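Undergrad: following is a predicted model, sequence given first.
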Amino acid sequence: MKIALIGLGNMGLPMAANLLKAGHEVIGFDLSETALAAHRANGGTTATTIAQAVADVDAVVTMLPTGKHVADVCTGQGGILASISARTKLVIDSSTIDVATAKQVGADAAEKGVEFLDAPVSGGTAGAAAGTLTFMCGGTEAGFAAAEPLLKGMGRAIIHAGPAGSGQVAKACNNMMLAINMLGVSEAMAMADRLGLSRQKLFDIVAPSTGQSFALTGYCPVPGPVPTTPANRDYAPGFTTALMVKDLRLAQDAAEAAGAPTPLGAHATRLYAAMMEEGLSAKDFSVIARWLAAKSRTDLA
């Protein structure tokens, strides 16, 4: 396929590279010349405007920072829907954004006869590089069927969550759960430290027990037990605290709109935001283990 990929950042660039490896032609667009040069070095071609990138392609993939960026790029003047030809019948947005924007862009695309999928991902930069992302897709059955072969070039699990907006709902729930789980693991590690139980012993006991979670065995937030995690690289991301706070706030907005009770999600949002305020926004979100270990009970009362 001939694909335009808009947004060649930490996630978009390796996603584009995997599409190239899968045999697709990929035209990239980004505001960063460094990102464009990297895409060209990977074998892709680049465009100087969004309109030029999407003018004659089979599909468009976007990976952008916020819902405002997605709305502007997809529906704005000179944007995707205004610039595609009759050849383009599929637009996939893999950004993590608010549910309302995903639904509105989907409706705008449908008016032009274009299938739109909100398809946020799980797996982070490592999954993007390895081509093992999970795609949570919201859209029509026909849109999902058209997108699935393309997404298989970038991911391992491609799941149709439901109609437009459902992908973003799934992503909000997933990342809220991850944040809460990471907080729980971090609390337990800090408590074990204070009570004289080694982190490694706690890990060895809990990993095969009922307290096991991905936050412990796949992304352990303290150095040592899982050597590949950010904790062993001074919490270099990974997935930054700033991005986790963004996703938690999106989850809280969605929960409020639905009237859904999320007391743990709300508390996790406050704690991760407090870390940001203390200068940890660029560190991996698992730095919460180190942050908590330095606190007292009264600090967080």
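TA: In hand now; what should we look at?

Undergrad: quick check, Ile159 in a helix?
TA: No - assigned with DSSP: H, G, I helix; E, B strand; the rest coil, Ile159 falls outside any helix and is strand.

Undergrad: give the buried residues for stretch 54-71.
TA: 54-55, 57-64, 67, 69-71 (16 or more other Cβ atoms under 10 Å). C-betas here are computed from N, CA, C, even on glycine.

Undergrad: flag the helix or strand of this structure with the lowest per-element mean pLDDT.
TA: One helix or strand of the chain scores below all others by mean pLDDT, DSSP states H and E: helix 124-130, with a mean of 92.

Undergrad: how about that one: buried residues?
TA: 124, 127-129.

Undergrad: centre of the chain to the helix or strand following that helix, how far?
TA: Next helix or strand after helix 124-130 toward the C-terminus (DSSP states H and E): strand 133-138. Centroid separation between strand 133-138 and its chain, computed with Cα atoms, centre = their mean, to the nearest Å, is 10 Å.

Undergrad: can you tell me the element Ala147 falls in?
TA: Counting by DSSP H and E, Ala147 is part of helix 141-151.

Undergrad: sorry, wrong one. I was asking about Thr34.
TA: Here Thr34 is assigned to helix 33-41, by DSSP H and E.

Undergrad: moving C-terminal from that helix, which element do we reach first?
TA: Following helix 33-41 toward the C-terminus (DSSP H and E): strand 45-46.

Undergrad: quick one: average pLDDT of that next one?
TA: What strand 45-46 shows for mean pLDDT is 98.

Undergrad: tell me which strands and helices the next helix or strand after that strand is in contact with?
TA: Sequence-wise, the next helix or strand downstream of strand 45-46 (DSSP H and E) is helix 50-54. In this structure, helix 50-54 packs against strand 2-6, strand 25-29, helix 80-83, with contacts taken as 3 or more Cβ pairs under 8 Å, 6 or more residues apart in numbering; DSSP states H and E.

Undergrad: run through the neighbouring helices and strands of whichever helix or strand comes after helix 50-54.
TA: Later in the chain than helix 50-54, the nearest helix or strand by DSSP H and E is strand 59-62. Packing partners of strand 59-62 (3+ Cβ pairs under 8 Å, 6+ apart): strand 2-6, helix 67-75, strand 90-93, helix 141-151.
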